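Any chance you could fold what I've pasted below:
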Amino acid sequence: MRGRWLGTLALVALTLSPAVVAAGPTREEALKALGATGDAESRRQGAQALGETGIMTDVPRLAAALRDIDPLVRTFAESAIWQVWSRSGDATIDRLFATGVEQMNARQGERAVDTFSEIIRRRPEFAEGWNKRATVYYLLGEYQKSLADCDEVMKRNPYHFGALSGYGMIYLQLDQPATALEYFERALSVNPNLESTRQTIEILKTLLIQRRKDII
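Model (predicted):
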């Protein structure tokens, strides 16, 4: 009886062992899948996998996928980009980053600023630390500080359509719609799937036309 139980337990252990669980695609396999012309399902899987395994140098490839003919590929590519941006490469910094995001979502603005400032101090090359602090400054009405942090984001990550949209939102608050329009258009040029940004652009164009008419 004992032998039978041991045999059963060994079988269960083997079944649950990570070594026998099928591993997801490697980063290289995901990149190859993302470029699979004529195979939307492979491109979807590649984009999703890069959300887990991708690194910053993969962002140009993912940004190109934002123009894929398949809407799910575009959706998965955008999600993967945000996942890649949110990884610093340092587990301690990533935990601190998660804390800062929780504080921001809980509207604990000052605490979130302190957390993201510490991330920036420890890892200044991590663009998303700057971006999240820019977001908190915006929410706190500290627009000039938010603009300065957006500048730091773009120095490190020129593909950051979130920061470009952030500029637009700040300049709207500063009553500079023409400048806001420029940044919203730049954000849309990187990520053409930003529907709310597209709508804002159309509203701003109408507003600016009306302002010109009023001046005349």
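
for this protein, which helix is longest?
helix 195-215 (DSSP state H).

That one: how far from the chain's middle?
27 Å (C-alpha atoms, centre = their mean, to the nearest Å).

Could you tell me how many residues sit around residue 97?
22 (other C-beta atoms under 10 Å). Just so you know, the C-beta spots here come from the backbone N, C-alpha and C atoms, and that holds for glycine as well.

swap in residue 154?
By other C-beta under 10 Å, 18 other residues sit near residue 154.

got it, and the one 4 residues further on?
Neighbour count of residue 158, defined by other C-beta under 10 Å: 14.

cool, and residue 29?
15.

In contact with it, which residues?
Residues in contact with residue 29 (C-beta atoms under 8 Å, 6 or more residues apart in numbering) are 46, 49.

which stretches of this protein aren't confidently modelled?
1-23, 216 (pLDDT under 70).

What are the boundaries of the helices in the protein?
Under DSSP H, the chain gives helices at 2-16, 27-34, 40-53, 59-65, 71-85, 91-105, 109-122, 127-139, 143-156, 161-173, 177-190, 195-215.

Most tightly packed of these?
Of all the helices of the chain, helix 127-139 carries the top mean neighbour count, a mean of 24, counting by mean count of other C-beta atoms under 10 Å.

What count of nearby residues applies to residue 142?
Residue 142 has 18 nearby residues by other C-beta under 10 Å.

Show the backbone phi and psi for it.
Phi and psi for residue 142, reported as degrees, to the nearest 10, are phi -90, psi 70.

distance of it from residue 69?
Using C-beta to C-beta, to the nearest Å, residue 142 is found at 41 Å from residue 69.

Domain ranges for the chain, per the record?
In terms of domains, the chain is parsed into 26-85, 89-143, 159-216 (source: automatic domain parsing).

Just put these in CSV and tack on distance to residue 152.
Formatted as CSV, these follow (distance: least, C-beta to C-beta, whole Å):
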stretch, distance to residue 152
domain 26-85, 14
domain 89-143, 4
domain 159-216, 9
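
So which of those is nearest residue 149?
domain 89-143 (3.5 Å; C-beta to C-beta).

Can you get me the start-to-end distance on that closest one?
29 Å (C-alpha to C-alpha, to the nearest Å).
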